[in-house]
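1. need coordinates for the below:
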Amino acid sequence: MLVELKNIYKNYYGDKQLVVPVLNDVNIEVEKGEYIAIMGPSGSGKSTLMNIIGCLDHPTKGEYKLDSNDVLKLKDKELSKIRLNSIGFVFQQFQLLPRQSALYNVSLPLIYAKVNKKERKKRALEALKKVGIEDRSDFKPTQLSGGQKQRVAIARAMVNNPKLILADEPTGALDSKSGKQVMDLFEKLNKDGVTIIMITHDENVAKHAKRIIYIIDGKLYNSKEEAMRHAQ
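-> Take a look at the predicted model:
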């Protein structure tokens, strides 16, 4: 099992110690090679869940194992290492360095991993080739379309050969044609064995995944019918 979340709760605390529950007894198991969509409306807790899976946030209580590592017992340095080597992130707004080339943006995780310059260039070009944009390696983000920027972001996410790619609303800033191209690319990566967890509010995007989990008010449901009953 690649991802195991057991009895995960997440609370935030407002003024006067007001408790704001965000996640409520969340349980997920994700096997290697799966392609899962976590679907829910704004404010449902899906981004918080994504941050916990991505080792960017801690739950209030519960258990989390990533590839058999007990994540909640790891120190900050160990968590940074897992984020660098085991997880690739794809964001809605791309998060690219605007003054740097596509090649440089893709090679960033390799720079942090202290990979030598020659090997960095080789692996970054290979990643750009996999997403079909190697001919734009010298272009800066300002010279790229939205779909091309997201391809660069996906190449960056996969350049370190992570065990897991987390995609947060990956088509949210794209037109429908570019969005479909990105979804086709995710399907291809998944066929090549990459594990993908994607969060989205868009049912048409979620349908590209092999399994859909629904989140409403911080609770997970395995079917749309279950989720709708709760929403009522």
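2. state whether residue 174 is indeed within a helix.
-> No: counting by DSSP: H, G, I helix; E, B strand; the rest coil, residue 174 falls outside a helix, being coil.
3. least confident secondary structure element in the chain?
-> Every helix and strand in the chain was compared by mean pLDDT, DSSP states H and E; the lowest is helix 224-231, with a mean of 81.
4. who does it touch, helix- and strand-wise?
-> For helix 224-231, the packing partners by 3 or more Cβ pairs under 8 Å, 6 or more residues apart in numbering; DSSP states H and E come out as strand 211-216, strand 219-221. Bear in mind the C-beta positions are built from the backbone N, C-alpha and C, glycine included.
5. which residues are in contact with that helix?
-> If you take Cβ atoms under 8 Å, 6 or more residues apart in numbering as the criterion, helix 224-231 is touched by 40, 212, 214-217, 219, 221.
6. need the helices and strands packed on helix 224-231 in CSV with mean neighbour count, mean pLDDT and distance to residue 78, can you?
-> Shown next, in CSV, are these (neighbours: other Cβ atoms under 10 Å; pLDDT from 0 to 100; distance: least, Cβ to Cβ, whole Å):
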stretch, mean neighbour count, mean pLDDT, distance to residue 78
strand 211-216, 20, 96, 28
strand 219-221, 20, 95, 27
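7. quick one: which of these is nearest residue 34?
-> In terms of Cβ to Cβ, the element of the helices and strands packed on helix 224-231 nearest to residue 34 is strand 211-216, at 6.6 Å.
8. mind listing what the closest one pairs with, with the direction of each?
-> On the basis of DSSP bridges, the sheet neighbours of strand 211-216 come out as strand 35-39 (parallel), strand 219-221 (antiparallel).
9. in contact with residue 163, which residues?
-> Residue 163 touches 2, 32, 66-67, 86-87, 195, counting by Cβ under 8 Å, 6+ apart.
10. let's see 6 Å
-> Going by Cβ atoms under 6 Å, 6 or more residues apart in numbering, residue 163 touches 67, 86.
11. residue boundaries of the strands in the chain?
-> For the chain, the strands defined by DSSP state E cover 3-13, 19-30, 35-39, 61-66, 69-70, 87-90, 164-168, 195-200, 211-216, 219-221.
12. do I have it right that residue 172 meets residue 90?
-> No: Residue 172 lies out of contact with residue 90 (Cβ atoms under 6 Å); the separation is 10.9 Å.
13. got any ranges where this protein has weak pLDDT?
-> Scanning the chain for pLDDT under 70 picks out the ranges 232.
14. so can I have JSON lines of the strands of the chain showing distance to residue 140?
-> Formatted as JSON lines, the strands of the chain follow (distance: least, Cβ to Cβ, whole Å):
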{"stretch": "strand 3-13", "distance to residue 140": "35"}
{"stretch": "strand 19-30", "distance to residue 140": "35"}
{"stretch": "strand 35-39", "distance to residue 140": "31"}
{"stretch": "strand 61-66", "distance to residue 140": "34"}
{"stretch": "strand 69-70", "distance to residue 140": "37"}
{"stretch": "strand 87-90", "distance to residue 140": "19"}
{"stretch": "strand 164-168", "distance to residue 140": "23"}
{"stretch": "strand 195-200", "distance to residue 140": "27"}
{"stretch": "strand 211-216", "distance to residue 140": "36"}
{"stretch": "strand 219-221", "distance to residue 140": "40"}
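15. cheers, nothing more for now.
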